[in-house]
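[1] based on what follows, work out the 3D shape:
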Amino acid sequence: MQPMKLADWLELGRRLAAERFASLLDCHVYATRAVIHLCFRILYMSANRPLPYPGPALRRVSSRALPVVDETSAGGLVVDVQNGQAMAAVIARRNRGARLEWCLPKGHLEGSETPQEAAVREISEETGIEGRVLRHLASIDYWFTGDQHRVHKVVHHYLLEAIGGELTIENDPDHEAEDVAWVPLSEVSRRLAYPNERRIVAAARRILVGDG
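    Residues are numbered from 1 along each chain as shown. This next block holds a predicted model:
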């Protein structure tokens, strides 16, 4: 074998360089096509898939950024003795999910009303029963988020004695109460939808039997 001349070495180097460049170019083209394909796939999936619902942490941050509104309500348990049995007036109204639930009558304070005055008025409007406040039972404090604000709500509950009136929902100016009924005091807790109100009724029963 004869030794390669300088020109042959140069030609071999040129060919190797050309082959390497062509290989690199092919890799570059392949990678570019893969990236373009991936981008189109991501765009398609984004356009055809709903955005994920924000997680609990994001919802907490979003709700805390809303302005705060304070609300105060009052109502309670109005009791009457009928045929030797203690009875309580309860109402049925729709919750935010449009489901009918039984609860204690209550509503917002108006003007310069005290909580006791508001309780008497709300019970009269929602049940038709006139009551006299005997004592405070409990105050419930909780938060919820509306469409445009966070609400800090306090509800004062009282024990009242029925002194007149007849059951009716016709006097409710807001038409929130859909039904009203006298329920034996021993059965009220089973009728009520909210645990806090069931505890309030239990406290009232202890008071009425002299254990509170």
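
[2] contacts only, for E161.
    By Cβ atoms under 8 Å, 6 or more residues apart in numbering, E161 lies in contact with V78, V79, D80, G131, R132, L134. The way it works is simple: take the backbone N, C-alpha and C, and place the C-beta from them, glycine included.

[3] ok, W182 - how many residues close by?
    Neighbourhood size, W182 [other Cβ atoms under 10 Å]: 19.

[4] now swap in E178 and tell me
    E178 is flanked by 12 other residues according to other Cβ under 10 Å.

[5] residue contacts, it?
    I91, A92, R93, R94, L100, I169.

[6] identify the bridge partners of the third one.
    Each beta-bridge partner of R93 is listed here, defined by DSSP bridges: E101, A177.

[7] am I right that R132 is in a strand?
    Yes - when DSSP: H, G, I helix; E, B strand; the rest coil is applied, R132 is found to be in a strand.

[8] give me the pLDDT for it.
    Note on R132: pLDDT of 98.

[9] could you list everything it pairs with in the sheet?
    E161.

[10] re earlier: which among the contacts of E178 count as buried?
    In terms of neighbour count (16 or more other Cβ atoms under 10 Å), the buried residues within these are I91, A92, R93, I169.

[11] how close does the spatially closest residue to the last one that is not a sequence neighbour sit to V69?
    This means I169. Distances taken as Cβ to Cβ, 6 or more residues apart in numbering put A177 closest to I169, at 4.4 Å, once the chain neighbours are dropped. Distance of A177 to V69, given as Cβ to Cβ, to the nearest Å: 24 Å.

[12] tell me how many other residues crowd V183.
    The local packing of V183 (other Cβ under 10 Å) involves 17 other residues.

[13] correction: D147
    Count around D147 with other Cβ under 10 Å applied: 5.

[14] give me the three-state assignment for V188.
    Secondary structure state of V188, per three-state DSSP, is helix.

[15] strands along this protein, start to end?
    Applying DSSP state E to the chain gives strands spanning 68-82, 85-94, 100-103, 106-108, 129-145, 150-165, 177-184.

[16] which one of the ones you listed lies nearest to R198?
    strand 100-103 (10.3 Å; Cβ to Cβ).

[17] isn't A119 right up against L159?
    No - with contact defined as Cβ atoms under 8 Å, A119 does not count as touching L159 (9.8 Å).

[18] let me see the domain layout of the chain.
    1-52, 66-208 (automatic domain parsing).

[19] identify, out of those, the most deeply packed stretch.
    When neighbours are counted by mean count of other Cβ atoms under 10 Å, the highest per-stretch mean among the domains of the chain falls to domain 66-208, a mean of 17.
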